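>>> Any chance you can model this:
(one chain, ligands or ions: 1)
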Amino acid sequence: MEGTSLLSLPEGMRVEHIQITEHGLVIEVVTVHPTSCCPLCAETSDSIQSHYRRVLRDAPCAGRQVQLVLTVRKFYCRNPYCSRKVFTERLPTFVEPWARMTIRCCQQITSIGLATCGKGGARLAGRLGIQTTRPTILRRIMDLPDVSAGSVVYLGIDDFAFRRGYRFGTILVNLESHRVVDLLPDRQAETAAQWMRQQPDLAVVSRDRGGEYASAASKGAPQAIQCADRFHIIKNLTEAAQVLLARCQAEILTSLQTEASQQDHPCQAVIAIEEWRPPEPAHVEKVRLARRAGRYARYQQVVELDRQGLPTKEIAGRLGMSDRTVRDWLKQAAFPEAKRRRKRQSSFDAFAPYVLKHWQSGEHNGLTLFREIKAQGYPGTERSLYRYLKTLKQVEVRASVTPARIQKYSAHTAIWLFVRDPKKLNAIEREDLAAFCQASTPLKKAYDLLQDFLSMVHKREGHRLDAWLARVAESELPELQSFAAGVEKDTDAVKAGLTWPISNGMVEGHVTKLKLIKRTMYGRAGFALLRQRVLHAV
Ligand SMILES: [Zn+2]
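Next up is the predicted model:
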């Protein structure tokens, strides 16, 4: 194959010589096109004045660095009216007039820079056979031409943090083309309004519930409909509900503890269903007991040596233990039992509540129960089921409201039981949710209000908002009432958000991407570089 096409050189170039050195390839190339155009008057000339050499860095070839030694020519311009007498021939698609690097090599460096960062990019480029430096990469990114936002009709606007909690910027997304159209260096109303004034076609501004962007849109794009973003509305509602949940959870636990302390003889053979584990096989129990005995013997040695007055370090050294364990053991008044391993998740867990319910209502036939759960999609074998039944025969398993059931959730995790689609909860989560609602009337009321609001959001039923707000006003749930008060300040935009199909979800996606880009730059890059990288991100 001919070298020119093998190396993808433009037409009119010929490879004269290829030399492999320890640094890579040195390729000598000459231009052979018989004519060239004067850059000033565009007239063709075929009178060669002289030759000269340019040394260029090129894109790597099979992982080797490539140096092009290019012989180009100078031509006479024969146009008598042209002020240029001599010109050098141009290779516009291949290399800029005074550049030391081919255009394709520049493009590769730019792509590496956009995908990584200055320092990491220089390292990666080196591995790929392109010699470059961090400043070069950063310069390439900064030299990229500004992309025009074009005409934006549906705008999504949100903030992002340069430094979390300290300095914020604004991201603007065209909700039709799904592209980031600009970044602004702050999140002030005036800056965003200024940007919107240059967009006469703006018809809808989708924004969060913060006042700044609302006032920006009123000032900068008074013609546009403002749409409070559903994501933020739900986020606000979830936060309000979480506060409510934390309060009610504390109340439930207090009342349960009072109940428990009033009971004289706690029933020991009761385990909560989620704590259920299959009985230990004999050989496992044997190993566990042996291990416990060894541990106990060591514990006694530690105590004895401590009694003799040996320092912790010395004890640890003699017994081949870590200082820390010795210190921890001595701190405790009694033998510290090893922690039992956490129960392993099994495919049977999701079916345990079902089996329990039927067991308690009198179905004690293993095979029948097995067939029933199999029909419901249980993928496992009979063994897990029989082990579970064995436990049921020995102790009472209870699936009712127990402190453990409520305690295992923080308000932060429990909120998901309340705001998720109930169809997507598994059997245990559904029972946990029922336990919460059963234990607290306000929680039950809140659950109904939350689910109703979410269905309004999903079905785009903005017209029901006023009725919902009225129900909250009567609910005696102060946390939801303060959420409702916030909504009432911004009713039109919230209603629009609950009615229009557009959403800021895409903007959130871009913010996540932006964070990733910011992180690859180790957070040191200034706004200008961040803006270039986000706007040119692929
Ligand atoms: Zn000319």
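>>> how many neighbours does the residue nearest to M521 when sequence neighbours are not counted have?
Distances taken as CB to CB, 6 or more residues apart in numbering place C117 nearest to M521, at 4.8 Å, with adjacent residues excluded. C-beta coordinates here come from the backbone N, C-alpha and C atoms, glycine included. C117 sits with 26 neighbouring residues when counted by other CB atoms under 10 Å.
>>> what's near enough to touch the spatially most distant residue from the centre of the chain?
Using CA atoms, centre = their mean, the residue of the chain lying farthest from its centre is P80. It sits 65.6 Å away. Shown in contact with P80 (CB atoms under 8 Å, 6 or more residues apart in numbering): no residues.
>>> Ok, A189 next?
Per CB under 8 Å, 6+ apart, neighbours of A189: 211-213, 215-216, 219.
>>> helices and strands around whatever helix or strand A528 lives in, which ones?
Using DSSP states H and E, A528 sits within helix 527-535. Here helix 527-535 touches helix 134-142, strand 179-184, helix 505-520, going by 3 or more CB pairs under 8 Å, 6 or more residues apart in numbering; DSSP states H and E.
>>> mind listing what's buried in it?
Across helix 527-535, burial judged by 16 or more other CB atoms under 10 Å covers 529-535.
>>> Looking at these, which is nearest the ion?
Proximity of the buried residues of helix 527-535 to the ion (CB to the ion) peaks at Q532, which lies at 37.1 Å.
>>> Now do the same contact list for the closest one.
Neighbour list for Q532: 141-142, 144 [criterion: CB under 8 Å, 6+ apart].
>>> now those as JSON lines including distance to Q360 and pLDDT?
Shown next, in JSON lines, are the contacts of Q532 (distance: CB to CB, whole Å; pLDDT from 0 to 100):
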{"residue": "I141", "distance to Q360": "67", "pLDDT": "87"}
{"residue": "M142", "distance to Q360": "71", "pLDDT": "87"}
{"residue": "L144", "distance to Q360": "69", "pLDDT": "88"}
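>>> Of these, just say which sits nearest to the ion.
L144 (32.0 Å).
>>> what's the burial count for S36?
As a burial measure, S36 scores 23 neighbours (other CB under 10 Å).
>>> Look at the closest residue to it other than its chain neighbours and report its pLDDT.
Excluding its sequence neighbours, the residue lying closest to S36 (CB to CB, 6+ apart) is E89, at 3.9 Å. Listed pLDDT for E89 reads 91.
>>> Which residue ranges of the stretch 301-450 of the chain form helices?
312-319, 323-331, 352-360, 366-375, 382-394, 403-407, 411-419, 427-439, 441-458 (DSSP state H, counting those that start in this stretch).
>>> In terms of mean pLDDT, which of these ranks lowest?
Looking at those, the bottom one is helix 403-407 with a mean of 69.
>>> one step back: which of the helices and strands packed on helix 527-535 has the highest mean neighbour count?
Highest mean neighbour count among the helices and strands packed on helix 527-535 (mean count of other CB atoms under 10 Å): strand 179-184, with a mean of 20.
>>> Strand partners (parallel or antiparallel) of that strand?
Here strand 179-184 has these sheet partners by DSSP bridges: strand 167-174 (antiparallel).
>>> What number of residues are in the vicinity of R209?
Residues contacting R209 under the criterion other CB under 10 Å number 19.
>>> Please tell me how far the closest residue to it other than its chain neighbours sits from the ion.
Leaving aside its chain neighbours, R209 sits nearest to H232 (5.1 Å; criterion: CB to CB, 6+ apart). Noted for H232: a distance of 62 Å to the ion, by CB to the ion, to the nearest Å.
>>> list the contacts for H232?
With contact set as CB under 8 Å, 6+ apart, H232 has these partners: 208-209, 504.
>>> Go through those residues and name the one with the lowest pLDDT.
Here the lowest pLDDT out of the contacts of H232 sits on R209, with 71.
>>> quick one: which helix or strand includes it?
Secondary structure assignment for R209, by DSSP H and E: no helix or strand.
>>> Go ahead and confirm it touches E488.
No: applying CB atoms under 8 Å, one finds R209 not in contact with E488, separated by 12.0 Å.
>>> The ion contacts on the stretch 1-150 of the chain?
Residues of the stretch 1-150 of the chain lying near the ion by CB under 5 Å from the ion: 38, 40-41, 77, 79, 82, 84.
>>> Of the residues you listed - the most surrounded one?
Highest neighbour count within these: C77, with 24 neighbours (other CB under 10 Å).
>>> how about that one, what does it touch?
C77 makes contact with 38, 40-41, 43, 45, 84-87, according to CB under 8 Å, 6+ apart.
>>> repeat that for 6 Å
Neighbour list for C77: 38, 45, 84, 87 [criterion: CB atoms under 6 Å, 6 or more residues apart in numbering].
>>> Please apply the same query to F335.
By CB under 6 Å, 6+ apart, the neighbours of F335 are 296, 299.
>>> gap between it and V303?
According to CB to CB, to the nearest Å, F335 and V303 sit 9 Å apart.
>>> now G462
Using CB to CB, we find G462 at a distance of 70 Å from V303.
>>> With T110 instead?
68 Å.
>>> This structure against the ion: which residues are in contact?
Checking the chain against the ion by CB under 5 Å from the ion, the hits are 38, 40-41, 77, 79, 82, 84.
>>> So out of everything in the stretch 351-500 of the chain, what residue is nearest the ion?
W500 (59.7 Å).
>>> now that residue, nearest residue through space, not along the chain?
Nearest residue to W500, sequence neighbours excluded (CB to CB, 6+ apart): C227, at 5.5 Å.
>>> residues touching that neighbour, list them.
By CB under 6 Å, 6+ apart, the contact set of C227 is 204, 206, 496-497, 500.
>>> Next, it: secondary structure please.
Put simply, C227 is strand when judged by DSSP: H, G, I helix; E, B strand; the rest coil.
>>> now do the one 4 residues further on
Using three-state DSSP, the structure places F231 in helix.
>>> just for the stretch 151-300 of the chain, where's the confidence low?
Residue ranges of the stretch 151-300 of the chain with pLDDT under 70: 210, 257, 259-282.
>>> Would you mind listing which of the contacts of A189 are buried?
Among those, those classed as buried by 16+ other CB under 10 Å are 212-213, 216.
>>> any idea which of those residues is the one closest to the ion?
A216 (53.1 Å).
>>> correct me, but the residue nearest to M521 touches I517?
No: C117 lies out of contact with I517 (CB atoms under 6 Å); the separation is 8.6 Å.
>>> on that earlier part again, off-centre distance for the helix holding A528?
20 Å (CA atoms, centre = their mean, to the nearest Å).
>>> and if you look at stretch 350-361?
With CA atoms, centre = their mean, you get 38 Å for stretch 350-361.
>>> And stretch 386-394, by the same measure?
In terms of CA atoms, centre = their mean, the gap separating the centre of stretch 386-394 from the centre of its chain is 43 Å.
>>> hey, C-alpha coordinates of it in CSV?
Extracted in CSV, the C-alpha atoms of stretch 386-394 (Å, rounded to 0.1, in the frame of the first residue of the first chain):
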residue,chain,number,x,y,z
TYR,A,386,-38.3,-26.5,55.5
ARG,A,387,-35.7,-24.8,57.5
TYR,A,388,-38.0,-21.9,58.0
LEU,A,389,-40.9,-24.2,59.0
LYS,A,390,-38.6,-25.8,61.5
THR,A,391,-38.0,-22.4,63.1
LEU,A,392,-41.7,-21.7,63.2
LYS,A,393,-42.3,-25.0,65.1
GLN,A,394,-39.7,-24.0,67.7
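>>> Tell me the backbone dihedrals of the closest residue to the ion within the stretch 101-250 of the chain, please.
Closest residue of the stretch 101-250 of the chain to the ion, CB to the ion: I103 (24.2 Å). Here is the backbone geometry of I103 (degrees, to the nearest 10): phi -60, psi -40.
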